[in-house]
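1. structure, please.
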Amino acid sequence: GNIALKTSVIYAVVALLWIFATDFLVETALPEGDTQALLQTSKGFLFVALTALALYAVLRAFQNRELNMAARLRGSVAASRGGLWVWDVENDRIMATPGGDAEVGWAAAGTIRDTQSWRAIVHPDDWASVTEQLQALATPGNDDWQIEQRFRTSDGGWHWFQIKGYVVSRGPDGTVRRMEGTHFSIDGLKRAQMKLARANRALMVLVAAYRAISTGRTQNEVFAELVHALAEDPDYSLVWVGEAVDAGKRIVPVAADGPASAFLDSATITWDDSEHGKGPSGTCIKTGNPAVVEDTREDARANTWRPLLDEFGIRSAVCIPILLDQGPTFVLQLNCAEPDSFAAEEMETYELVGRVLSLALKSFDLNFLFAQSESARQQIAGRLETALHGTIAALIEVVEKRDPYTAGHQQRVAELSVAIGAEMGISGERLEGIYIGASIHDIGKIGVPTEILSKPGRLDDAEIALIRRHAKIGHDIVETIDFGWPVEK
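-> Now for the predicted structure:
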């Protein structure tokens with residue numbers, strides 16, 4: 001508006017100056033007659049020609065600028081692997097430009113034409129967000145739209161997109177008529193966020209296990225403390241510990257917590273070869289390894305319990321074996337209401353949880369023996385020390401598996417620290433404490449994604465921030481373990 005007004009004013013001023021100036025020159029320089037009349041006419045044509053050229057130059061400049069802006073916009077949209085869309089909500093028509101086509105294997109412009117064709121390519125769990133957003137847009141003044149959805153790819157997989165837009169037209173009653181916006185791929189970012197969330201979840205299970213061991217005085221107290229602490233996380237719908245009994249090869253719950261605890265009252269869970277023994281807990285008992293169900297609606301092992309799982313809102317699970325000398329006796333199972341809450345990438349951490357709990361249960365057995373037989377003191381002390389070193393070795397092993405480029409680093413630091421301590425005159429148990437602290441000084445790397453630890457190139461700011469978290473993570477883990485020395489410091 002301002003540019004148009006300024007242009008009009010300038011044009012009027014220039015035209016007036018031209019008229020007055022040229023009229024003055026013609027009347028001054030030439031006598032009245034045919035020559036003066038011809039020149040008056042000629043200067044009018046000249047003014048039209050000059051203003052036409054000026055107008056052409058101005059419009060051409062504006063056109064070039066718009067073309068450059070459009071090219072930059074197309075480049076920006078292409079760089080974001082996204083596209084543009086227009087949704088005629090009133091008539092249910094959708095127009096979309098290409099965006100993310102290479103990732104999904106189909107063209108958005110030809111595939112998404114209306115809500116029916118849109119819904120056909122969206123993950124069933126993600127369509128509810130569209131309805132919720134439309135309901136929210138019914139509120140006057142609420143014109144922004146943003147959702148995250150998984151689109152089915154041509155090979156049957158799923159790819160995350162973010163859809164952003166705004167309301168450009170409403171009816172007299174406030175209903176949405178037309179919307180415009182962008183869509184672009186966030187698959188890499190989304191999967192990285194989910195991976196980090198899973199890693200943190202596994203880490204918190206490990207921390208909870210250590211804390212339960214440090215506060216519980218008996219096996220049952222440890223299990224009760226553990227499931228209660230984990231169930232405080234709203235992401236878990238059910239956390240339980242089961243015992244494998246020989247009679248009927250059943251898995252009997254000994255501790256449970258969470259909003260879906262009643263699931264265990266209705267479900268039959270075994271570790272035999274029947275359909276009831278094919279779930280994660282039965283598999284865990286039989287193999288001695290952690291078992292993961294990423295989505296109960298897609299994993300055949302959950303078929304037997306699927307109606308119950310849907311009723312109680314359980315979509316994913318991980319089961320951890322607690323191994324004793326004679327084989328798996330207990331399992332710790334965690335269930336979440338969201339799919340893909342667990343993955344095989346965190347199996348090392350979950351294995352460590354099982355090993356730590358196993359060592360704790362053996363320690364409780366030793367305490368019982370100690371109470372029964374004073375003569376067993378020396379033997380028990382030696383076995384407890386072996387259990388402690390077993391925990392330390394397990395911690396070191398997990399870190400080195402996640403960060404193979406620094407394998408042996410913690411051991412070398414421990415040996416160097418002991419040598420320095422001995423040179424300073426430190427000996428005995430204090431030197432042992434120094435050795436343990438140095439041996440696990442990088443334990444916090446358990447909470448850092450493996451692809452960042454082993455990335456061959458330069459780390460970006462976000463990745464560096466994740467690496468720096470490992471010291472705090474290590475402190476949180478170690479402070480829950482009674483090593484006999486202030487190792488966390």
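
2. can we go C-alpha only for contacts and neighbour counts from here?
-> OK.

3. now do the same contact list for Lys249.
-> 270-272 (C-alpha atoms under 8 Å, 6 or more residues apart in numbering).

4. these into TSV, with extra columns for pLDDT, neighbour count and distance to Phe342?
-> TSV is the format used below for the contacts of Lys249 (pLDDT from 0 to 100; neighbours: other C-alpha atoms under 10 Å; distance: C-alpha to C-alpha, whole Å):
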residue	pLDDT	neighbour count	distance to Phe342
Thr270	94	24	22
Trp271	93	24	22
Asp272	93	18	25
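
5. what are the pairing partners of the helix or strand containing Gly83, and which direction each?
-> Element membership of Gly83, judged by DSSP states H and E, is strand 82-88. Next to strand 82-88 in the sheet, as set by DSSP bridges, lie strand 93-96 (antiparallel), strand 176-185 (antiparallel).

6. and the ones you listed: which comes nearest Val14?
-> Smallest distance to Val14 across the strands paired with strand 82-88 (C-alpha to C-alpha): 42.2 Å, for strand 176-185.

7. buried ones in the closest one?
-> Judged by neighbour count using 16 or more other C-alpha atoms under 10 Å, the buried positions of strand 176-185 are 176-185.

8. and if you look at stretch 255-268?
-> Neighbour-count burial for stretch 255-268, counted by 16+ other C-alpha under 10 Å, picks out 255-258, 260-261, 263.

9. for that stretch, the averaged confidence score.
-> The average pLDDT within stretch 255-268 is 95.

10. do the same with stretch 228-238
-> If you average the pLDDT over stretch 228-238, you get 93.

11. what about it, how long is it end to end?
-> Terminal residues of stretch 228-238 lie 10 Å apart, using C-alpha to C-alpha, to the nearest Å.

12. what sits up against that stretch?
-> For stretch 228-238, contacts defined as C-alpha under 8 Å, 6+ apart pick out 205, 208, 239, 256-261, 312-314, 334-338.

13. about what we covered before: using TSV, lay out the buried residues of stretch 255-268 together with secondary structure.
-> Listed next are the buried residues of stretch 255-268 as TSV, based on DSSP: H, G, I helix; E, B strand; the rest coil:
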residue	secondary structure
Ala255	strand
Ala256	strand
Asp257	strand
Gly258	coil
Ala260	coil
Ser261	coil
Phe263	helix
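
14. which parts of the stretch 51-200 of the chain are helices?
-> Ranges of helices within the stretch 51-200 of the chain are 101-104, 108-111, 115-121, 128-137, 187-215, based on DSSP state H, counting those that start in this stretch.

15. what do you get for the stretch 201-350 of the chain?
-> Along the stretch 201-350 of the chain, counting by DSSP H, counting those that start in this stretch, helices occupy 219-231, 263-266, 280-287, 306-311, 347-372.

16. ranking these by mean pLDDT, which is last?
-> Per-segment mean pLDDT for these reaches its minimum on helix 347-372, at a mean of 69.

17. hmm, back to that, so which of the contacts of Lys249 comes closest to Leu308?
-> Among those, and counting by C-alpha to C-alpha, the member closest to Leu308 is Thr270, at 16.0 Å.

18. contacts only, for the closest one.
-> 248-251, 276-277, 281-282.

19. what about those, which one has the most neighbours?
-> Highest neighbour count within those, by other C-alpha atoms under 10 Å: Ser281, with 31 neighbours.

20. dump the contacts of Thr270 to JSON lines, plus distance to Ile10.
-> Formatted as JSON lines, those follow (distance: C-alpha to C-alpha, whole Å):
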{"residue": "Gly248", "distance to Ile10": "97"}
{"residue": "Lys249", "distance to Ile10": "94"}
{"residue": "Arg250", "distance to Ile10": "92"}
{"residue": "Ile251", "distance to Ile10": "89"}
{"residue": "His276", "distance to Ile10": "86"}
{"residue": "Gly277", "distance to Ile10": "87"}
{"residue": "Ser281", "distance to Ile10": "83"}
{"residue": "Gly282", "distance to Ile10": "85"}
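
21. farthest pair within those residues?
-> Spanning the widest gap among these are Gly248 and Ser281, at 15.0 Å by C-alpha to C-alpha.

22. what's next to stretch 416-423, contact-wise?
-> Stretch 416-423 has contacts (C-alpha under 8 Å, 6+ apart) with 427, 431, 434-435, 438.

23. what does stretch 171-186 give?
-> 80-90, 99-100, 137-138, 140, 159-170.

24. so what's the gap between it and the chain middle?
-> 27 Å (C-alpha atoms, centre = their mean, to the nearest Å).

25. and whichever helix or strand Leu5 is part of, average pLDDT?
-> In this structure, Leu5 is located in helix 2-29 according to DSSP H and E. What helix 2-29 shows for mean pLDDT is 74.

26. so which elements touch that helix?
-> If contacts are counted by 3 or more C-alpha pairs under 8 Å, 6 or more residues apart in numbering; DSSP states H and E, helix 2-29 sits against helix 34-79.

27. thinking again about what came up before, highest neighbour count among the contacts of stretch 416-423?
-> The most neighbours of any of these, using other C-alpha under 10 Å, belong to Tyr435, which has 22 neighbours.

28. wait, that one touches Glu415, no?
-> Yes - counting by C-alpha atoms under 8 Å, Glu415 is a contact partner of Tyr435 at 7.1 Å.

29. any weak-confidence spans in the stretch 1-150 of the chain?
-> For the stretch 1-150 of the chain, applying pLDDT under 70 flags the ranges 1-4, 26, 30-38, 40, 66-82, 99-101, 103, 106-110.

30. closest to Arg198 among the buried residues of stretch 255-268?
-> Nearest to Arg198 among the buried residues of stretch 255-268 is Gly258, at 19.0 Å by C-alpha to C-alpha.

31. pull up the gap between the closest one and Glu132, please.
-> 27 Å.

32. quick one: Thr268 and Glu275 touch, right?
-> No - assessed by C-alpha under 8 Å, Thr268 is found out of contact with Glu275, at 9.9 Å.

33. next, count neighbours for Ala212.
-> Per other C-alpha under 10 Å, the neighbour tally for Ala212 reads 25.

34. close enough to count as contact, it and Gln219?
-> No - the criterion here is C-alpha under 8 Å, and Ala212 misses it with Gln219 at 9.9 Å.

35. picking up where we left off before, among the contacts of Thr270, which has the minimum pLDDT value?
-> Lowest in pLDDT among the contacts of Thr270 is Gly248, which has 86.

36. contact partners for Glu463?
-> Listed by C-alpha under 8 Å, 6+ apart, the contact partners of Glu463 are Ile452.

37. okay, and it sits in which element?
-> With DSSP H and E as criterion, Glu463 is part of helix 461-468.

38. buried ones in that helix?
-> Buried positions in helix 461-468, judged by neighbour count with 16+ other C-alpha under 10 Å: 466-467.

39. immediately after it, which helix or strand?
-> Next helix or strand after helix 461-468 toward the C-terminus (DSSP H and E): helix 470-478.

40. that following helix vs helix 187-215, what angle?
-> Calculated by axes from the mean of the first three to the mean of the last three C-alpha atoms, to 10 degrees, helix 470-478 forms an angle of 30 degrees with helix 187-215.

41. mind listing the residues bridging to Val292?
-> Val318.

42. give the contact list for the nearest residue to Leu324 once chain neighbours are set aside.
-> Excluding the flanking residues, the one nearest Leu324 by C-alpha to C-alpha, 6 or more residues apart in numbering is Ser358, at 6.1 Å. With contact taken as C-alpha under 8 Å, 6+ apart, Ser358 is in contact with 322-324.

43. thank you, goodbye.
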